[in-house]
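*Asks:* need a 3D model of the sequence below.
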Amino acid sequence: MVAGYGLAGAIAAVEAHDAGASVIILEKSCYPGGCSMLAAGMIVCAGEVEAAVQYLTKTSGGRTSPEVIRAFAGEMALNEDYLRRLALTDNARVMTVAGAKDSERKRVGAYPFPGYENFYQIRVAEVPGFAGFPWVATSKPAGPNLMKLAFDNVESRGIKVLLSTPARKLATANGVITGVIAGLDGQETVITARRAVVLASGGFEQNEWMRTQYLQGKPFYSMAPLTHTGDGVLMAQQVGAALWHMWHVHGSYGFKFPEFPIAFRHSFSGIRNPKRVMPWIVVDKSGRRYMNEYPLAPQDTAHRPMEIFDPDFLGYPRIPSYIIFDEVGRSRGAIGAPLSIGEMRYDWSKDNLQEGHRGWIMRADSIRELGQKIRETADNEARMEPEALEATMSAWNDAVTRGEDPFHRLLGTMMPIEQPPFYAAPVWPVITNTQGGPEHDARQQVIDVFGQPIPHLYAAGELGSFWSHVYLLSGNLSECLTSGRVAGRNAAREPYASAAG
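*Replies:* This next block holds a predicted model:
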């Protein structure tokens, strides 16, 4: 049995089926796909296992065991062949995106640790006859293409899928996991798993209590589907699972407006392009700049400088922060990049004027006036100082002229902010996905608080993710393939739960 029908759940189900098991997938949402559906669709592959181990050891920050690192590296080396085999089901076209040539490989590893040049990316470029899912709002077709390929492999095997069926608790008998208690047709129903349960139910992005307890800054908001409320974390805890990586999120800064229950991230994603100009800077509640707005992986770690609690301020002086840009910057393109599943679609205007009309973006004829508007509209913690904002802007324009920024923005990404009118919008720490959850071993078997594997229980995907310190861009989708394969085939080898009891 698999709980969750994103990419990890689909792959776990396919592998378990191919290993001889009878499989059922339960999905909480009325739409399959989870966070996987919103991703860019790139799969990272490793060319050489030892180089991958070297890189992944560095990026784990000592928070993931050597055994798990080596197993993950080994599976990453198999990703390309595996995806191409899946593509035979519907004649999907798989192509190499980056890393085919030595000169391109530096754009794959997000951080230049030893071994980064070993990785390359592939994607599903096309699935014949497929033009996207009507419930998904994304400008990048590779994510839906990848999920279409996964769904086709599930369907071609006749694997049963129950949508709108949330797994809520693990069913046990005499201490042995025997299935799940799920919401089915409005009633709590025990669904038996004869061999094992694979939890692939995603993260806790939309669980406010967990965000408050496990993350340093607050509030955090998320762009993930509303169904991602940490159910798998609670189910694993129910049977004594240890938790790991709960603090770690893949995220950035972005927008949150009362009209929408999900957050929108800013429009600069992927690995930083040293020649792509970002038209804004970010300032704190007092009007002072404090960060590199365009770090190496702008959708991974840019939220971290925002999380600081200041005991003298008696709060979080950087939550929210404000992006500041001018008329030239406004006209360069959309500053927001909403992603959504279901009925929450929003199309950000290319010139940002629609968002100004909505009241999301403030406008003023001078920087001093803009600072005053921020002060008047912000929460009661705001200490916006218009004079400080003016000084910040002057320092920024001087830095652009000199070609040297004290916060290490690359020169090619910088532009002056000097053409009125001027604009500001509040930004918050925004989660793309969480990485924490139940700890697992190299077999993807969930580990208890005493370090022992819990029989008949596995985890896959972002639920208890491998990523523990910094992230390899496209790493979660890659992990969906690796962890789904490992969890599915090992779950299928479990003895019958009834016999174990």
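
*Asks:* confirm that residue 234 sits in a helix.
*Replies:* Yes - applying DSSP: H, G, I helix; E, B strand; the rest coil, one finds residue 234 inside a helix.

*Asks:* state the distance from it to residue 326.
*Replies:* Using Cβ to Cβ, to the nearest Å, residue 234 is found at 47 Å from residue 326. For every residue, glycine as well, the C-beta is placed using N, CA and C.

*Asks:* repeat that for residue 425.
*Replies:* 13 Å.

*Asks:* also residue 365?
*Replies:* 11 Å.

*Asks:* what is in contact with those two at once?
*Replies:* 420, 421, 422 (Cβ atoms under 8 Å, 6 or more residues apart in numbering).

*Asks:* how deep is residue 160 tucked in, by neighbour count?
*Replies:* Using other Cβ atoms under 10 Å, residue 160 is surrounded by 11 other residues.

*Asks:* quick one: strands adjacent to the longest strand seen in the chain?
*Replies:* Assignment by DSSP state E gives strand 422-434 as the longest strand of the chain. Within its sheet, strand 422-434 is paired with strand 221-222 (parallel), strand 249-255 (antiparallel), strand 321-326 (antiparallel), strand 362-364 (antiparallel), according to DSSP bridges.

*Asks:* adding mean pLDDT and mean neighbour count, write those strands out as a markdown table.
*Replies:* Output for the strands paired with strand 422-434, formatted as a markdown table (pLDDT from 0 to 100; neighbours: other Cβ atoms under 10 Å):
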| stretch | mean pLDDT | mean neighbour count |
| --- | --- | --- |
| strand 221-222 | 96 | 26 |
| strand 249-255 | 96 | 27 |
| strand 321-326 | 98 | 24 |
| strand 362-364 | 98 | 18 |
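
*Asks:* reformat these as CSV; add distance to residue 152.
*Replies:* Formatted as CSV, those follow (distance: least, Cβ to Cβ, whole Å):
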stretch, distance to residue 152
strand 221-222, 29
strand 249-255, 27
strand 321-326, 41
strand 362-364, 47
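
*Asks:* so residue 91 touches residue 126, yeah?
*Replies:* No - Residue 91 lies out of contact with residue 126 (Cβ atoms under 8 Å); the separation is 9.1 Å.

*Asks:* separate out the buried members of the shared contacts of residue 365 and residue 326.
*Replies:* residue 422 (16 or more other Cβ atoms under 10 Å).

*Asks:* out of the shared contacts of residue 365 and residue 326, which is nearest to residue 96?
*Replies:* Nearest to residue 96 out of those is residue 422 (Cβ to Cβ; 43.6 Å).

*Asks:* show me what the closest one is bridged to.
*Replies:* Beta bridges link residue 422 to residue 326, residue 364 when assigned by DSSP bridges.

*Asks:* quick one: it from residue 248, how far?
*Replies:* Look at residue 422 and residue 248: by Cβ to Cβ, they are 36 Å apart.

*Asks:* need phi/psi at the closest residue to residue 261 other than its chain neighbours.
*Replies:* Of all residues not flanking residue 261 in the chain, residue 226 sits nearest, at 6.1 Å (Cβ to Cβ, 6 or more residues apart in numbering). Dihedral angles of residue 226 (phi, psi; degrees, to the nearest 10) stand at phi -70, psi -20.
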